[in-house]
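> return atomic coordinates for the entry below.
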Amino acid sequence: MGRALMTYSIPVILRECFPIIDTSEVMDEGVKLAIENWYDLNEKCGGVPVWSTDFAMQNAGVISRTVMYDSSGGDIDMAMIGDQCREFIGLEKSKGLLKDLVPDVNIPDIVNRINVCTEQCAPNYCLKSMSWNHGKDFLKYEAMFLPFLRNGGTRPTWFFSTLAFHFDEHISR
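Numbering: from 1, shown residues only. Presented below is the predicted three-dimensional model:
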């Protein structure tokens, strides 16, 4: 069983940028650096870059809290890289279909971010509560989605999403 067992409510969005261009309000330096590295690569490639593990290695400091999404099939596949995401989110399995791993109440938000990222061909960012995950509502987290093409692709179908978790007892419950 890979899904979180209980949920509270839809995530509370505290801040979002569709697309994110200015990283000055991003709290986590690793998230900020990954966004900036994507824009550098985007400029070098003249558009959305093709996915390469070189990008992951360039951002090795955030790998333990990164989720890869693949929207090339009918459903969205996800794979958590490293243990930090799995520990904070509370999933037993780290790879499979989004709909099988993530609580239903958080799926629309993730799908929306992937869809907007695909349409804009640009990164997006949000700061949101973990109110969707029972017992974790004291946390907030930053999530950014960086779009990548597959070799030969014309639309982004790979998404590098790094999370940064923050303790905050002031989040609305």
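
> which SSE is Val116 in?
Using DSSP states H and E, Val116 sits within helix 107-120.

> next, the buried residues of that helix.
For helix 107-120, a neighbour-count test (16 or more other CB atoms under 10 Å) marks Asp109, Ile110, Val111, Arg113, Ile114, Val116, Cys117, Thr118 as buried. In short, each C-beta sits where N, CA and C put it, glycine included.

> check stretch 20-32 too.
Applying 16+ other CB under 10 Å to stretch 20-32 flags Ile20, Thr23, Val26, Asp28, Gly30, Val31, Lys32 as buried.

> what separates that stretch from the chain centre, distance-wise?
Computed by CA atoms, centre = their mean, to the nearest Å, the separation of stretch 20-32 from the middle of its chain amounts to 14 Å.

> let's see the longest helix seen in the chain as PDB, backbone CA atoms only.
Ranked by residue count, the top helix of the chain under DSSP state H comes out as helix 29-45. What follows is helix 29-45 as a C-alpha-only set of coordinates in PDB (Å, rounded to 0.1, in the frame of the first residue of the first chain):
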ATOM      1  CA  GLU A  29      18.500  28.000  -1.700                       C
ATOM      2  CA  GLY A  30      18.500  24.600  -3.500                       C
ATOM      3  CA  VAL A  31      15.100  25.300  -5.000                       C
ATOM      4  CA  LYS A  32      16.200  28.700  -6.100                       C
ATOM      5  CA  LEU A  33      19.400  27.400  -7.600                       C
ATOM      6  CA  ALA A  34      17.500  24.700  -9.600                       C
ATOM      7  CA  ILE A  35      15.100  27.200 -11.000                       C
ATOM      8  CA  GLU A  36      18.000  29.500 -12.000                       C
ATOM      9  CA  ASN A  37      20.000  26.500 -13.500                       C
ATOM     10  CA  TRP A  38      16.900  25.600 -15.600                       C
ATOM     11  CA  TYR A  39      16.600  29.100 -17.000                       C
ATOM     12  CA  ASP A  40      20.400  29.100 -17.800                       C
ATOM     13  CA  LEU A  41      19.900  25.700 -19.600                       C
ATOM     14  CA  ASN A  42      16.700  27.000 -21.300                       C
ATOM     15  CA  GLU A  43      18.600  30.000 -22.700                       C
ATOM     16  CA  LYS A  44      21.500  27.800 -23.800                       C
ATOM     17  CA  CYS A  45      19.200  25.400 -25.600                       C
END
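
> just flag the most distant two among the buried residues of stretch 20-32.
Ile20 and Gly30 (14.5 Å; CB to CB).

> ok so, going back, and which of the buried residues of stretch 20-32 is nearest Gly152?
Lowest distance from Gly152 to those (CB to CB) belongs to Ile20, with 27.2 Å.

> for this structure, what are the low-confidence residue spans?
Across the chain, the ranges flagged by pLDDT under 70 are 1-8, 84-92, 130-138, 168-173.
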